[in-house]
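A.B. asks: Provide a 3D model corresponding to the input given below.
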Amino acid sequence: MPVKQIHTSSRLEGIGEYYFSQKLREIDDLNKQGKNIISLGIGSPDLPPHPDVIKVLQEESAKPNVHAYQSYKGSPVLRNAISNWYKKWYGVDVNPDTEILPLIGSKEGIMHICMTYLNDGDIALVPNPGYPTYRSAVKLAGGTCLDYELTEANSWQPDLTVLAALDTTNIKLMFVNYPHMPTGELPNVEVLKQLVAFAREHGILIVHDNPYSFILNDNPMSLLSLEGAKDVVLELNSLSKSQNMAGWRIGMLIAAKERIDEVLRFKSNMDSGMFLPLQLAAAVALGLGKDWYDSINTVYRERRVKVFELLDVLQCDYSKNQVGMFVWAKIPATYKDGYTLSDDVLYNSNVFITPGGIFGSAGNGYIRVSLCGSIEKFEEAIRRVVSDK
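C.D. replies: Model (predicted):
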């Protein structure tokens, strides 16, 4: 008797496998064929966390009384550390008891926010180009994405004239991300002030995704530092990039008490808290001084020089004023789009570079190169591409 066919839920319609999940499988197959692909695609820090952070995790996890379920709102130790971090580096006062929600990575926070606020028919403004997870999370929650296009001509900033002309009746969320990924554009304070005013006027919540503020950037900024922002802004932050703790899955949501309580209603049904030793180690990481950030930025700065050399070989145009752990570059006219260049370099030079089109149609004419690799790795990538020219 044939088995009845099982169908996936309708919410997965139009939701493909995450690009990097699929591409890494292909790269793995190529490596099995002996290709030895150099991957310059994903922004997964290859540097370790501070030794003191690892030491705390080792010591705390060896204790017998730390393995139980934890508070859904996180340890007070971690919440106080986050509050102090925001005050020291962003100049923002945050109540550790009511305005902070630790997350198992900020990526889950994007999903939690969408599930908390979006109903069928609700609209979320999504940057194009922008982090693909914004789009998939909105769709999974039953919402509708409305792109707002970012262009090089407008310094990758939202066009406020275009936003002002929108019918905002059903717009509930707006995703914003500065320093911007993938372009590396710094925040423009005047534009952000106008965005806050726009959100306040139309009853829109701004979701500010802020994981790159310390990477190659001497002036970290929180959107919550702007007057009136806390009324309409939910800010996501993370230890993945700034503390080299991507695999630890430690993030945070910073917002007004009402917003935190609303998101917690959803999140508390999704997990049972974070392992306490992880939280205690994260608190130590957040207490590190300027010398920590200077040390990792010294490494990224040296690597970026090599990436510029690689992009010169590929005849790409790029800005040297970018921040974050990627370099965004415009492809030469000899290529149809970033996918074409990426495939050319992958199959002929055994080097993987991310096509800009995965971040939205406005990225089709660009590529993105990760700084997460050794100097030797970048030099070998340059040699391979040069030999293929």
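
A.B. asks: ok, residues contacting the helix or strand where Asp28 lies?
C.D. replies: Following DSSP states H and E, one finds Asp28 within helix 19-32. When contacts are taken as C-beta atoms under 8 Å, 6 or more residues apart in numbering, the neighbours of helix 19-32 outside the stretch itself are 16, 37, 39, 41-42, 132, 346, 350, 352, 358. Backbone N, C-alpha and C define where each C-beta goes, glycine included.

A.B. asks: output the contacting helices and strands for the longest helix belonging to the chain.
C.D. replies: With DSSP state H applied, the helix covering the greatest number of residues in the chain is identified as helix 290-313. Applying 3 or more C-beta pairs under 8 Å, 6 or more residues apart in numbering; DSSP states H and E, one finds that helix 290-313 contacts strand 326-330, strand 366-370, helix 375-388.

A.B. asks: measure how it sits relative to strand 366-370, angle-wise.
C.D. replies: With axes from the mean of the first three to the mean of the last three C-alpha atoms, to 10 degrees defining the directions, helix 290-313 sits at 140 degrees from strand 366-370.

A.B. asks: quick one: average pLDDT of helix 290-313?
C.D. replies: Averaged across helix 290-313, pLDDT comes to 97.

A.B. asks: swap in stretch 168-179?
C.D. replies: Model confidence over stretch 168-179, given as mean pLDDT, is 98.

A.B. asks: quick check: buried residues in it?
C.D. replies: Residues of stretch 168-179 classed as buried: 168, 171-179 (neighbour count, 16 or more other C-beta atoms under 10 Å).

A.B. asks: can you give me the end-to-end span of it?
C.D. replies: The distance separating the two terminal residues of stretch 168-179, taken as C-alpha to C-alpha, to the nearest Å, comes to 26 Å.

A.B. asks: which phi and psi does Thr340 have?
C.D. replies: phi -60, psi -50 (degrees, to the nearest 10).

A.B. asks: tally of neighbours for it?
C.D. replies: 15 (other C-beta atoms under 10 Å).

A.B. asks: so it versus Pro355, what's the distance?
C.D. replies: Noted for Thr340: a distance of 8 Å to Pro355, by C-beta to C-beta, to the nearest Å.

A.B. asks: go on, Met221?
C.D. replies: Using C-beta to C-beta, one gets 29 Å for the distance from Met221 to Pro355.

A.B. asks: those two: which is more packed in?
C.D. replies: Shown here are Met221 and Pro355; by other C-beta under 10 Å, Pro355 has more neighbours (24 against 21).

A.B. asks: quick one, what contacts the closest residue to the more buried one other than its chain neighbours?
C.D. replies: Beyond its immediate neighbours in the sequence, the residue positioned closest to Pro355 (C-beta to C-beta, 6 or more residues apart in numbering) is Gly338, lying 3.6 Å away. For Gly338, the contacting residues are 331, 354-357, 363-367, taking C-beta under 8 Å, 6+ apart as the criterion.

A.B. asks: need the contact list for the residue lying closest to Ile260 once chain neighbours are set aside.
C.D. replies: Residue nearest to Ile260 in three dimensions, not counting chain neighbours: Leu101, with 5.0 Å by C-beta to C-beta, 6+ apart. Contacts were defined as C-beta under 8 Å, 6+ apart; by that measure Leu101 touches 73-74, 109, 252-253, 255, 260, 263-264, 267.

A.B. asks: dump the helix holding Asp28 to PDB, restricted to CA.
C.D. replies: Output for helix 19-32, consisting of C-alpha atoms alone and laid out as PDB, is shown next (Å, rounded to 0.1, in the frame of the first residue of the first chain):
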ATOM      1  CA  TYR A  19      21.900  30.400   0.300                       C
ATOM      2  CA  PHE A  20      25.000  29.700   2.300                       C
ATOM      3  CA  SER A  21      23.600  26.400   3.500                       C
ATOM      4  CA  GLN A  22      23.100  25.300  -0.100                       C
ATOM      5  CA  LYS A  23      26.400  26.800  -1.400                       C
ATOM      6  CA  LEU A  24      28.500  25.200   1.400                       C
ATOM      7  CA  ARG A  25      27.300  21.800   0.400                       C
ATOM      8  CA  GLU A  26      28.400  22.500  -3.200                       C
ATOM      9  CA  ILE A  27      31.800  23.700  -1.900                       C
ATOM     10  CA  ASP A  28      32.100  20.500   0.200                       C
ATOM     11  CA  ASP A  29      31.400  18.400  -2.900                       C
ATOM     12  CA  LEU A  30      34.100  20.300  -4.800                       C
ATOM     13  CA  ASN A  31      36.500  19.800  -2.000                       C
ATOM     14  CA  LYS A  32      35.800  16.100  -2.000                       C
END
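
A.B. asks: all good on my end, thank you.
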